[in-house]
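Engineer: A predicted structure for the sequence below; I have some questions about it.
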Amino acid sequence: MLYKELVEVYEKLTSTSSKLEKRDILSDFFLVVPDDVLPFVTGLLAGYVFPKWTEKELGIGPKLLLKVISKITGIAEKKIEEYVYSSGDFGEGIEKAIEQKKQQTFFDIKIDIIYLMDLFEKVSAYGGKGSQDKKIKYLSELFSAASPVEARYLSRTILEQMRTGAAEGIILDAISKFSEIPRKEVEKAYLLTNDLGLIALYSKKGADELSKLTVTVGRPLKPMLAQIAGSIESALKDIEEPEMEVKYDGARIQVHKSGAKIKIFSRRL
């Protein structure tokens, strides 16, 4: 599957404010995404490359990305920054720079999903001395092969600034629709796994397979976060059968232990 197919979906999502239309767009797309890339694509639709609870991260900020775009376009970083500020969006600023690219493209690569998945894995593996140069090398290859609109969404993905409105709830709705599995069952599986990509994949296999998913050591559950209420009276009014407990000061953590290996997750995972 080519990345441009995903970009077309991004464009459709941004063109509508209707949650139902977004759900239908995603539902139709999930049906044609190959199983081997479905978890990864689901994450990209949700606006991330790796789930937050993993130890993986790209480690790429705006300054590094500006260096990459300047290198492949021949446009000064300061000028690209002006594009970003004038548009109010980093992705659109990068898109404009790619449109005005002065340098010849030396990479004849079609960006497909597997290529992108492998590249992000390589970039996330680099850390320490010399890692920045290696990241610049791979990103230069990627953006040299990207069309302007692809560059816009790649930038947003890398910086986790996606603006398609494909919120977690809408993605769960879409998974429920394409799989014809009740929304409650899809949501229950998600609460047990905290992995949208895994839910999309197992939903495609059917309700029986989805029901096999359960809590796994090393994969934290999403914490239940409190909602803000204007007053005690309004909170009691909103909740039909309230329950109360003593609140203790301290950090909310999850401790996962498998043999001698212990992982501690904060509320932000």
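Structural biologist: Perfect, I can see it now.
Engineer: low-scoring stretches of the stretch 101-250 of the chain, by residue?
Structural biologist: Scanning the stretch 101-250 of the chain with the threshold set as pLDDT under 70 gives 102-108.
Engineer: can you give me the helices for the protein?
Structural biologist: Ranges of helices in the chain, per DSSP state H, are 3-14, 19-32, 38-46, 62-73, 77-87, 90-99, 113-125, 131-145, 148-158, 168-179, 183-193, 196-205, 207-210, 232-238.
Engineer: give me the buried positions along the second one.
Structural biologist: Right, helix 19-32. In terms of neighbour count (16 or more other Cβ atoms under 10 Å), helix 19-32 has its buried residues at 22, 23, 24, 25, 26, 27, 29, 30. Bear in mind the C-beta positions are built from the backbone N, C-alpha and C, glycine included.
Engineer: in terms of secondary structure, what does it contact?
Structural biologist: Applying 3 or more Cβ pairs under 8 Å, 6 or more residues apart in numbering; DSSP states H and E, we find helix 19-32 packed against helix 3-14, helix 38-46, helix 168-179.
Engineer: could the helices of the chain go into a markdown table alongside distance to residue 262?
Structural biologist: What follows is the helices of the chain, written out as a markdown table (distance: least, Cβ to Cβ, whole Å):
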| stretch | distance to residue 262 |
| --- | --- |
| helix 3-14 | 37 |
| helix 19-32 | 36 |
| helix 38-46 | 26 |
| helix 62-73 | 33 |
| helix 77-87 | 42 |
| helix 90-99 | 38 |
| helix 113-125 | 23 |
| helix 131-145 | 27 |
| helix 148-158 | 32 |
| helix 168-179 | 28 |
| helix 183-193 | 21 |
| helix 196-205 | 23 |
| helix 207-210 | 30 |
| helix 232-238 | 37 |
